[in-house]
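Chemist: need a 3D model of the following:
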Amino acid sequence: MRIATWNVNSITARLPRLLAWLESSGTDVLCIQETKCAAEQFPYDQLRELGYEAAVNATGRWNGVAVLSRVGLDEVVVGLPDGPEYDGAQEPRAVAATCGAVRVWSVYVPNGREVGHDHYNYKLRWFDALRQAVAEDAAGDRPFAVLGDYNVAPTDDDVWDPSVFEGLTHVTPAERAALAALRESGLSDVVPRPLKYDRPFTYWDYRELGFPKNKGMRIDLVYGNVPFAKAVGDAYVDREERKGKGASDHAPVVVDLEL
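Modeler: Numbers count the residues shown, from 1 in each chain. The predicted model follows:
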């Protein structure tokens with residue numbers, strides 16, 4: 001089974017590339033982040049033509065997540081159970097589904113904006129709710145993973161230059177402690193191969209020639225439980241999909257499972 005996660009940064013803008021990539025990559029299950037569309041605008045029909053069902057949590061022009069599957073779609077959960085609200089509402093940042101023999105969550109963790117901001121504190125509360133929501137599956141016997149844009153670089157090696165990020169979000173001790181707490185629930189970091197260069201960055205800013213200069217970050221993560229991790233045959237960042245006109249600023253992370 002081939003499972004992937006990809007922050008597409010607008011499924012409407014990225015649809016031609018997404019459909020082409022699904023056809024060429026042989027992906028069975030794809031977790032998507034930043035759909036940036038309402039549920040009624042989601043391209044169900046185009047995906048169905050390629051054999052994919054979709055579980056979607058999307059409410060408008062911001063955020064939005066989905067799970068696409070061509071191996072079944074059951075036990076869908078839309079939204080993070082007991083998740084915190086921001087500005088009086090729970091944002092569309094999580095959706096779960098069972099796809100064949102594997103259960104997955106697609107998550108788009110809050111950015112945090114800046115240290116000390118209300119959004120930063122919301123991010124930490126969101127991580128705590130995620131940890132509680134996945135604890136049972138993380139400790140279970142069924143292959144299970146939480147895939148998505150975590151908006152945290154796990155270590156200093158996961159950013160191109162740690163000095164650039166001093167005092168900024170994505171690298172703070174509190175954010176990394178939240179990741180560590182998630183791992184302690186029974187999950188481990190499935191680190192992909194980079195295919196080019198020495199570090200598997202997954203995100204490069206559009207500005208300042210971030211991609212050509214490889215000024216990247218590894219913030220799109222796959223956290224799997226023991227049965228999932230044991231089944232991993234390969235994992236890599238498909239940086240080719242970051243190239244060219246109309247690309248997302250994130251690349252897909254692909255995991256091959258031997259089940």
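
Chemist: so who does Val253 touch?
Modeler: Each residue near Val253 by C-beta atoms under 8 Å, 6 or more residues apart in numbering is listed here: 4-6, 147, 192, 202, 220-222, 235-238. The way it works is simple: take the backbone N, C-alpha and C, and place the C-beta from them, glycine included.

Chemist: swap the cut-off to 7 Å and go again
Modeler: By C-beta atoms under 7 Å, 6 or more residues apart in numbering, Val253 lies in contact with Ala4, Thr5, Pro192, Thr202, Asp220, Val222, Val237.

Chemist: quick one: which of those sit in helices?
Modeler: Of the contacts of Val253, none are assigned to helices by DSSP state H.

Chemist: out of the residues you listed, who's nearest Ala231?
Modeler: Of all the contacts of Val253, Ala231 sits closest to Val222, with 12.1 Å by C-beta to C-beta.

Chemist: that closest one: neighbouring residues, count only.
Modeler: As a burial measure, Val222 scores 27 neighbours (other C-beta atoms under 10 Å).

Chemist: surely it and Val255 touch.
Modeler: Yes - Val222 lies in contact with Val255 (C-beta atoms under 7 Å); the separation is 5.6 Å.

Chemist: so what sits against both of these two?
Modeler: Val190, Ala235.

Chemist: circling back: what subset of the contacts of Val253 is buried?
Modeler: By neighbour count, with 16 or more other C-beta atoms under 10 Å, the contacts of Val253 hold Ala4, Thr5, Pro192, Thr202, Asp220, Val222, Val237 as buried.

Chemist: which one of those is nearest to Gln46?
Modeler: Distances from Gln46 to these, taken by C-beta to C-beta, are shortest for Ala4, at 17.9 Å.

Chemist: correct me if wrong: that closest one contacts Pro252.
Modeler: Yes - Ala4 is within contact range of Pro252, at 4.9 Å (criterion: C-beta under 7 Å).

Chemist: if we can go back for a sec, now, which of the buried ones among the contacts of Val253 lie within strands?
Modeler: Taking DSSP state E, the ones among the buried ones among the contacts of Val253 that sit in strands are Ala4, Thr5, Asp220, Val222, Val237.

Chemist: that's a strand at Gly186, yeah?
Modeler: No - assignment of Gly186 by DSSP: H, G, I helix; E, B strand; the rest coil gives coil, placing it outside any strand.

Chemist: check contacts around it.
Modeler: Gly186 touches Ala138, Ala139, Asn225, Val226, counting by C-beta under 7 Å, 6+ apart.

Chemist: redo those residues as JSON lines? Include distance to Ser25.
Modeler: Formatted as JSON lines, the contacts of Gly186 follow (distance: C-beta to C-beta, whole Å):
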{"residue": "Ala138", "distance to Ser25": "27"}
{"residue": "Ala139", "distance to Ser25": "31"}
{"residue": "Asn225", "distance to Ser25": "24"}
{"residue": "Val226", "distance to Ser25": "26"}
